[in-house]
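Novice: mind folding the following:
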Amino acid sequence: MKKIAVIGAGSWGTALALVLADNRHDVRLWARRKEQVDEINERHTNEKYLPNIDLPENIIATDDLAEAVKDTDTVLLVTPTSAMREILQQLKGCLEEGVTLIHASKGIEPDTLFRVSEVIEDELPETLRRAIVVLSGPSHAEEVSLRQPTTVTVSSKDQQAAEQVQDLFINPNFRVYTNPDIVGVELGGSLKNIIALGAGLSDGLGYGDNAKAALLTRGLAEIARLGSNMGAQPLTFAGLSGIGDLVVTCTSVHSRNWRAGNMLGKGNSLEEVLENMGMVVEGVRTTKAAYQLAKKEGVEMPITNELYEVLFHSKSPKEAVDSLMMRSRTNEVEDLTSMISKAPTFNEKKPE
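Specialist: Numbering: from 1, shown residues only. Predicted structure coming up:
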């Protein structure tokens, strides 16, 4: 049994805390709000984020960050990517020695264009981080909290650390794989949120399964195109953190990115959507970052470009779909074939 600090008591942070508690770890769950801390400790619930779920009693909540990370060598970060730097800056004053940092946040930071692991490296000195591990994959918090079968991937530059994290989480309901491609795992988990926005938008416009299938497959193609250009292994996008996460996010009402896109497709403004959601919609911020990344890398991402225009330049969703359908003719597999032929195998690929 280990003592593990979980930073962030939203739906995903609480669900992962539950998995760790089921594995008999001593879990300290940090939340900002005192009333949420009191609810978790006294009633063993977190109704706003995981309604009708009883939490194990070995999850102890606190609003004191120093108390949460005291006497632990493992910290799980599950905060919105927009809050990541603020949390890391606070952590710097609380950590006394190097810890294994696991993050389960999916996004890319606009302007710096850093993945979350790069933000962690940027904020925390090497003396305070033993290893950085990402946890990603097709996993709705609601289903994890009901202990329904779920599979995820962990990845790190440090394979031993990834395997140690695999051991912390794996149980009969929550199967954990390792993957050495941290660039691909982080990008797959982040960029699928853009396609989920598009899938929701398509449904909101009243389009059918044909349109959604097109978004998923062509969305995966542009995710792989950008990822490969940034050093990811193309096969990673055929795995849990690629197509797995894409399917679960684009086809479920649990997905807040799908719900946000659906409201946009029905004619709501972005401001109205974000106000009504009440929770962070990572896909909005990630669309801006991916648009910037595509320009920087010189990679064609037509779906991302059109969503960027809808979100930030008030282009109508119908006009965006028309623009995608009227693009010039192209070969479906030509760039994918080129991408795969140039990619290194996993054995050839050196750790980043």
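
Novice: show me the shaky parts of the stretch 201-350 of the chain.
Specialist: 335-350 (pLDDT under 70).

Novice: which residues of it fall in strands?
Specialist: Counting by DSSP state E, counting those that start in this stretch, the stretch 201-350 of the chain forms no strands at all.

Novice: what segments of it are helices?
Specialist: 209-229, 245-250, 256-265, 270-277, 282-297, 302-313, 317-325, 334-342 (DSSP state H, counting those that start in this stretch).

Novice: figure out which of those is closest to residue 28.
Specialist: helix 282-297 (24.7 Å; C-beta to C-beta). Using the backbone N, CA and C atoms, a C-beta is placed for each residue, glycine as well.

Novice: going by neighbour count, which residues in that closest one are buried?
Specialist: Across helix 282-297, burial judged by 16 or more other C-beta atoms under 10 Å covers 282-294.

Novice: any chance of these in CSV, plus distance to residue 12?
Specialist: What follows is the buried residues of helix 282-297, written out as CSV (distance: C-beta to C-beta, whole Å):
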residue, distance to residue 12
282, 11
283, 15
284, 17
285, 16
286, 16
287, 20
288, 22
289, 20
290, 21
291, 25
292, 25
293, 24
294, 27
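
Novice: what about residue 47, neighbour count?
Specialist: 11 (other C-beta atoms under 10 Å).

Novice: equivalent analysis for residue 267, please.
Specialist: Residue 267 has 11 nearby residues by other C-beta under 10 Å.

Novice: equivalent analysis for residue 19, please.
Specialist: 24.

Novice: can you tell me the element it falls in?
Specialist: Assessed by DSSP states H and E, residue 19 sits inside helix 11-22.

Novice: what does residue 4 give?
Specialist: For residue 4, the element it lies in under DSSP H and E is strand 3-7.

Novice: and the contacts of that strand?
Specialist: For strand 3-7, contacts defined as C-beta atoms under 8 Å, 6 or more residues apart in numbering pick out 13, 16-17, 20, 25-30, 65, 68-69, 71-72, 74-79, 87, 91, 168.

Novice: what's the angle between it and helix 11-22?
Specialist: 170 degrees (axes from the mean of the first three to the mean of the last three C-alpha atoms, to 10 degrees).

Novice: wouldn't residue 163 be in contact with residue 178 here?
Specialist: Yes. Applying C-beta atoms under 8 Å, one finds residue 163 in contact with residue 178, separated by 6.1 Å.

Novice: about what we covered before: which one of the helices of the stretch 201-350 of the chain lies nearest to residue 151?
Specialist: That would be helix 245-250 among the helices of the stretch 201-350 of the chain, by C-beta to C-beta, at 10.3 Å.

Novice: what does that closest one rub up against?
Specialist: So helix 245-250 is in contact with 136-140, 188-189, 192-193, 195-196, 199-200, 212, 215-216, 219-220, 223, 255, 257-258, going by C-beta under 8 Å, 6+ apart.

Novice: what do you get if the cut-off is 7 Å, keeping everything else the same?
Specialist: 136-138, 140, 188-189, 192-193, 195-196, 199, 212, 216, 219-220, 255, 257-258 (C-beta atoms under 7 Å, 6 or more residues apart in numbering).

Novice: and if you look at stretch 108-126?
Specialist: Residues contacting stretch 108-126 (C-beta under 7 Å, 6+ apart): 81, 84-85, 88-89, 91-92, 101, 103, 105, 107, 129, 132, 134, 182, 186-187, 190, 285-286, 288-290, 292-293, 296.

Novice: and with 8 Å instead?
Specialist: Contacts of stretch 108-126 (C-beta under 8 Å, 6+ apart): 77, 81, 84-85, 88-89, 91-92, 95, 98, 101, 103, 105-107, 129, 132, 134, 182-183, 186-187, 190-191, 285-286, 288-290, 292-293, 296.

Novice: buried residues, that stretch. List them.
Specialist: Using 16+ other C-beta under 10 Å, the residues of stretch 108-126 that count as buried are 108-110, 114-121, 123-124.

Novice: host element of residue 162?
Specialist: Assigned by DSSP H and E, residue 162 falls within helix 159-169.

Novice: just name whatever secondary elements that helix is in contact with.
Specialist: Judged by 3 or more C-beta pairs under 8 Å, 6 or more residues apart in numbering; DSSP states H and E, the packing partners of helix 159-169 are helix 11-22, strand 99-103, strand 129-136, strand 150-156, strand 174-178.

Novice: where does the closest residue to residue 232 other than its chain neighbours sit: helix, strand or coil?
Specialist: Spatial nearest neighbour of residue 232, chain neighbours left out: residue 184 (3.4 Å); criterion: C-beta to C-beta, 6 or more residues apart in numbering. The three-state label for residue 184, taken from DSSP: H, G, I helix; E, B strand; the rest coil, comes out as helix.
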